[in-house]
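[1] sequence first, predicted model second:
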Amino acid sequence: MINFGFSISRPRVIDIDRNNLNKSKEIIAEMPELQACIGCGSCTATCTAGNLTEYNFRKVHTLVRRGEYQGAYEELNKCMLCGKCRLVCPRGINTRGVIMLIKRKLGDF
Amino acid sequence: MKHIIIIGGGVAGMQCASELAQQGVRVTILEKEADTGGKVKNWHKLFPTFTPASDVLSGLRHKIAKADNITIKTGCEATQVTPNSVRLASGEELSCDAVVIATGYTLFDARIKEEYGYGIYDNVITAADLEEMFNKNDVRLADGRVPRRIAILHCVGSRDEKVCQRHCSKVCCVTGVKQAIELKQLFPSADVFNFYMDIRMFGPGYEEMYREAQQKYNVHFVRGRISEVSPTIDNRLQIKAEDTLTGRPLKIGVDMLVLLIGMRANDMNTTLETDSGLQRQASGFMQPKDAFLGNAESNVEGIFYAGAITAPKNVAEALCDGATAALRVSDWLRNK
């Protein structure tokens, strides 16, 4: 077959109806404080990994809550568990605990 | 005895009347509807304390009933206002020593934002419709089923120059969070999603209520304005928005969509400007004489303002305004 250089783009849309929200619901049920995030970005601003790589904890946990698990586990592997994000979170979220929880829940993804 | 006319029998007007009556002046409230209470009489509970709106109204009505120098004229619409007279739609002219305008605001007509489908799809309702459902204890879908997934959209007819409403209506955010909690209390297994631009929790107890909605009631908050609503084959509503915190488009099917309609200026405000020489702001709301020390006075001597006539306000602020206007009126009468 002749390769014209075209390809099909995968839709970027977050489709809540198609996503399996079971893991997300389990995570929120275990640590409801995660829902208190106001998206301020303090965690990412202070994150050493985030300053050196594209790792963005705020984005990863928001995507996980929407049922977008693909790649989340690998992303969270960049976290060195230093806990600076927990020190700065204005909502008092145990961010390091959240990271451990998501990794535990998504280990088989 | 001095005679003051208060135009508008909502919470600001009623509060102003009862305060003025205690100072020994004769007060006439002109209410265009059949009953006093204004917008609050259609509301179920008030944020952030979930106080029944009827409690506030009955408290005010009780104070007014005790005073024998307050006359309430219902079904009376004021058409022309001067500091010494008010003309009614019936042609009757009432004379007075000062006027307090407490005509409040108009709810934004959600049909104008056609992309949200209000008046087109069955289960797109406004925050005011939802309060009516709460009042009747009958929150259901059009076909009688219970909603399993509900979206609440903030800023409908606010912060939107496409519909000539650039201002923030201020109370909708808090109402949206309050209604999300009430919906979760009614339907604990339902999912509630609030689509917001900013969450403006400006008052005491509001931020705490927001956190409770997030953490205790598991209400989902998505930052992004809904771009369009369309029907699905199974008669649900499909919503599109950007989840701006992840930078990706988002699609979701819901059973019910609640539009948090904003407060817009009354059409009558233009008449007040042209006929009475009163100044309006760019938002259409009336301009107080001064934002700090003259916030209950207009630019015309003898005409005063109370409540949401000058800007979107919550019930507590409207009540404060009513009392402030009463004080300013009596000061003015004394020094005249």
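    Yep, that arrived.
[2] going forward, measure contacts and count neighbours with C-alpha atoms only.
    Will do.
[3] enumerate the residues of chain A near chain B.
    With the criterion set to CA under 8 Å from any CA of the partner chain, chain A comes near chain B through A:12-17, A:32-36, A:39, A:59, A:62-63.
[4] list the helices and strands the longest helix along chain A packs on?
    Assignment by DSSP state H gives helix A:95-105 as the longest helix of chain A. Packing partners of helix A:95-105 (3 or more CA pairs under 8 Å, 6 or more residues apart in numbering or on different chains; DSSP states H and E): helix A:22-30, helix A:72-76, helix A:84-88.
[5] what about residue 77, how many residues nearby?
    Because you didn't say which chain, this covers chain A. 13 (other CA atoms under 10 Å in any protein chain shown).
[6] to clarify, I was referring to chain B.
    Using other CA under 10 Å, B:Glu77 has 18 neighbouring residues.
[7] isn't it up against B:Gly91?
    No - if you go by CA atoms under 8 Å, B:Glu77 and B:Gly91 don't touch, sitting 10.1 Å apart.
[8] sorry, back to before: how far off helix A:22-30 does the longest helix of chain A point, in degrees?
    Angle of helix A:95-105 versus helix A:22-30, following axes from the mean of the first three to the mean of the last three CA atoms, to 10 degrees, is 140 degrees.
[9] can you list the buried residues in helix A:95-105?
    Residues of helix A:95-105 classed as buried by neighbour count (16 or more other CA atoms under 10 Å in any protein chain shown): A:95-96, A:98-99, A:101-103.
[10] for those, give me a markdown table that also has pLDDT.
    Supplementary listing: the buried residues of helix A:95-105 in a markdown table, determined by pLDDT from 0 to 100:
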| residue | pLDDT |
| --- | --- |
| A:Thr95 | 97 |
| A:Arg96 | 96 |
| A:Val98 | 97 |
| A:Ile99 | 97 |
| A:Leu101 | 97 |
| A:Ile102 | 97 |
| A:Lys103 | 96 |
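[11] which of the residues you listed sit farthest apart?
    Looking at the buried residues of helix A:95-105 by CA to CA, the two members farthest from one another are A:Thr95 and A:Lys103, with 12.3 Å of separation.
[12] so, low pLDDT: which residues of chain A?
    Flagging of chain A using pLDDT under 70 yields the residue ranges A:108-109.
[13] dump the residue contacts of the residue nearest the centre of chain A.
    Among the residues of chain A, the one closest to the centroid is A:Val60, at 1.8 Å (CA atoms, centre = their mean). Under the criterion of CA atoms under 8 Å, 6 or more residues apart in numbering or on different chains, the contact partners of A:Val60 comprise A:72, A:75-76.
[14] quick check, it in a helix?
    Yes - under the criterion used here (DSSP: H, G, I helix; E, B strand; the rest coil), A:Val60 sits inside a helix.
[15] buried ones from the residues of chain A next to chain B, can you make that a PyMOL selection?
    Below is the selection syntax for PyMOL that covers the buried ones among those, with 16+ other CA under 10 Å defining burial:
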select buried, chain A and resi 14+15+32+33+34+35+36+59+62+63
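[16] so which of the residues of chain A next to chain B belong to strands?
    Helix and strand membership here follows DSSP state E; of the residues of chain A next to chain B, those in strands are A:14-15.
[17] closest to B:Val219 among the residues of chain A next to chain B?
    For B:Val219, the closest of those turns out to be A:Gln35, at 7.9 Å, with distances computed as CA to CA.
[18] break chain B down into its domains, please.
    B:3-105+B:265-335, B:110-262 (automatic domain parsing).
[19] what is the neighbour count of residue 74?
    Here I'm looking at chain A. There are 14 residues near A:Glu74, going by other CA under 10 Å.
[20] right idea, wrong chain: chain B
    Other residues within reach of B:Thr74 by the criterion other CA under 10 Å amount to 16.
[21] for it, grab phi and psi.
    Phi and psi for B:Thr74, reported as degrees, to the nearest 10, are phi -90, psi 160.
[22] now swap in the one 3 residues further on and tell me
    Backbone torsions of B:Glu77, given as degrees, to the nearest 10, read phi -110, psi 130.
[23] tell me who's in contact with it.
    For B:Glu77, the set of contacting residues under the criterion of CA under 8 Å, 6+ apart consists of B:30-32, B:88-89.
[24] weed out the non-buried ones from those.
    Of the members of those, the ones counted as buried by neighbours, 16+ other CA under 10 Å, are B:30-32, B:88.
[25] show me the two of these that sit farthest apart.
    In those, the most distant members under the criterion CA to CA are B:Glu31 and B:Leu88, with 10.8 Å between them.
[26] now do the shared contacts for those two.
    In terms of CA under 8 Å, 6+ apart, B:Glu31 and B:Leu88 are both contacted by the residues B:76-77.
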